[in-house]
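In: Fold the following, please.
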Amino acid sequence: MKKINKMNKKTGILIGVGSVLSIGTMIAVLLKKKTKKLSDFKEDDFDFDFGEIEESFDKDEFDTENDDERKEEIYSLEDEYLEYESKTEEEKQKEFRVLVVDVLSAMYKEILSMNEKLDTVKKDIDRIGEVKALVEELENCKEEIISLWEHMEKLSEMREEITGKKNRG
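Out: Next comes the predicted model:
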């Protein structure tokens, strides 16, 4: 039983460390993304022009059916980028806090779920321990019954010898 408890503790520690590491990694990545200021970069730094992209899509000879969809996608991406740039730092931080709360909430739910599973496993282990104790008790009773049976056979044999001698004599 002590070995199982040690294994359970080691498993719990392993799961906990893994959870902490994965959460730490997620938060670090999210912090890195949020702290990066895209507004500091100039358009010339990337040599990126949305007009050139639109022209390249217009010149695409193989797939002209989806031009309108592609243009709409480009415009939606532009709008999304401009909307992100127009947000204040406070709005960005608020968005980040909401994201962190969502991640931590999901993690808390997962921990609760794992706790419930561990409780059911513990109950199962306890039941197994009780069953083992009952099996041992039955084994002891079986040995006692066998011993009593052997004594009864010996007494029966002794009785036959005694009654057989009296009948002969």
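In: Please name the residues that touch I4.
Out: With contact set as Cβ atoms under 8 Å, 6 or more residues apart in numbering, I4 has these partners: I125. (Glycine included, C-beta is placed from N, CA and C.)
In: how about it, secondary structure?
Out: Look at I4: counting by DSSP: H, G, I helix; E, B strand; the rest coil, its state is helix.
In: what residue ranges in the chain score low on pLDDT?
Out: Along the chain, segments meeting pLDDT under 70 span 1, 35-66, 166-169.
In: any idea how far V131 is from I125?
Out: 11 Å (Cβ to Cβ, to the nearest Å).
In: and if you look at E153?
Out: Separation of E153 from I125 (Cβ to Cβ): 42 Å.
In: sorry, back to before: please identify which of V131 and I125 sits among more neighbours.
Out: Ranked by neighbour count (other Cβ atoms under 10 Å), V131 and I125 place I125 first, with 14 against 10.
In: quick one: stretch 102-118 to chain centroid distance?
Out: Its chain's C-alpha centre and that of stretch 102-118 lie 8 Å apart, by Cα atoms, centre = their mean, to the nearest Å.
In: in this structure, which spans are helices?
Out: Secondary structure of the chain (DSSP state H): helices located at 2-35, 43-46, 50-58, 67-86, 89-168.
In: Excluding chain neighbours, give the residue nearest to L99 in space.
Out: L30 (6.4 Å; Cβ to Cβ, 6 or more residues apart in numbering).
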